[in-house]
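K.L.:
3D model of this:
(one chain, ligands or ions: 1)
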Amino acid sequence: MNDPVWPEGYGRRMLAQVDSTNAEAMRQAGGLSGPTWIFAARQLSGRGRRGRAWRDPAGNFAASLVLRPAEPPGQAALRSFAASLALHDALSALVPGAELALKWPNDVLLSGGKLAGILLEGSSAGGRMMHLVIGIGVNLTGVPEPGEAGALPAVSLLSETGARIAPEVLLDHLAACYAAREAEFQAEGFAPIRAAWLARAARLGQEVTARTMRGETSGRFETVDAGGNLVLSTADGRRAIPAADVYF
Ligand SMILES: O=C(O)CCCC[C@@H]1SC[C@@H]2NC(=O)N[C@@H]21
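P.N.:
The predicted structure is shown next:
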């Protein structure tokens, strides 16, 4: 594939080492004049969803994109679908034929295992986002130690496909793919992102379990609705779930 062109209007800060690119993005957010990628060759204390740690063996990808969407949080957060889709776009271009899929809300799977995770953070005031940070971690070469029971096994791009992609190369591709998805989101809203995401979704139409702090809901994975909710068809009817961990 041709070398991508760095997208116009996007900045980048390339760091040798950081605690967490999301933490660094939040620290720098107030001083940035436009959308900016914060990339670190080495991340020592990565943060995962639901307060979990995200372990980054050397050689893996860690970066966070800082945006200023000035939208209500629910609308701004739909970018997590744009981000996972952009990552799918970038990886499919870099490793044609890789068996990639998307898992709600924003994991990227490879050969059925967890290849990548995305963590959204941010700050808002007066009902509008001031900053949105989209943190993306990809197991390019290393696989973190096993996580909680029942979770999908972590896999790496190298272990599953033999492809050795440098983190900086993935950043160039991801930045270009994200900028294209962001432009689509701004021009046409969530509908085309939602449709493209669903076309790549893992386990659509199959039984899944959504687990929250309050309990579990099992049902057939029907769709993702216009608000980004996971829609399950359960024995008690249709349920739209805004946030959960999903188990297959
Ligand atoms: O739990 C998940 O699946 C989300 C993991 C997100 C990890 C990435 S790595 C880059 C960015 N910086 C962080 O501290 N976390 C995100």
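K.L.:
give the buried residues for the lengthiest strand in the chain.
P.N.:
When the chain is parsed with DSSP state E, its longest strand is strand 113-125. Residues of strand 113-125 classed as buried by neighbour count (16 or more other CB atoms under 10 Å): 113-122, 124. C-beta coordinates here come from the backbone N, C-alpha and C atoms, glycine included.
K.L.:
what of stretch 22-35?
P.N.:
Going through stretch 22-35 with 16+ other CB under 10 Å, the ones that come out buried are 22-26, 28-29, 32, 35.
K.L.:
identify, from these, the entry nearest to the ligand.
P.N.:
For the ligand, the nearest member of the buried residues of stretch 22-35 is Asn22. The distance, counting by CB to the nearest ligand atom, is 3.9 Å.
K.L.:
can you put the buried residues of stretch 22-35 in a markdown table and add distance to Ala196?
P.N.:
Converted to a markdown table, the buried residues of stretch 22-35 look like this (distance: CB to CB, whole Å):
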| residue | distance to Ala196 |
| --- | --- |
| Asn22 | 25 |
| Ala23 | 31 |
| Glu24 | 30 |
| Ala25 | 26 |
| Met26 | 29 |
| Gln28 | 30 |
| Ala29 | 28 |
| Leu32 | 28 |
| Pro35 | 21 |
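K.L.:
keep only those of these that are in strands.
P.N.:
Counting by DSSP E, no part of the buried residues of stretch 22-35 is found in strands.
K.L.:
ok, and which of these reach the ligand?
P.N.:
The subset of the buried residues of stretch 22-35 within reach of the ligand, counting by CB under 6 Å from any ligand atom, consists of Asn22.
K.L.:
now for the buried residues of stretch 22-35: which two are most distant?
P.N.:
Checked with CB to CB, those reach their widest spread between Ala23 and Pro35, with 18.4 Å between them.
K.L.:
returning to that earlier point: in helices only, show me the buried residues of stretch 22-35.
P.N.:
Assignment to helices by DSSP state H places the following of the buried residues of stretch 22-35 there: 22-26, 28.
K.L.:
now flag whichever of those is closest to Thr209.
P.N.:
Asn22 (27.6 Å).
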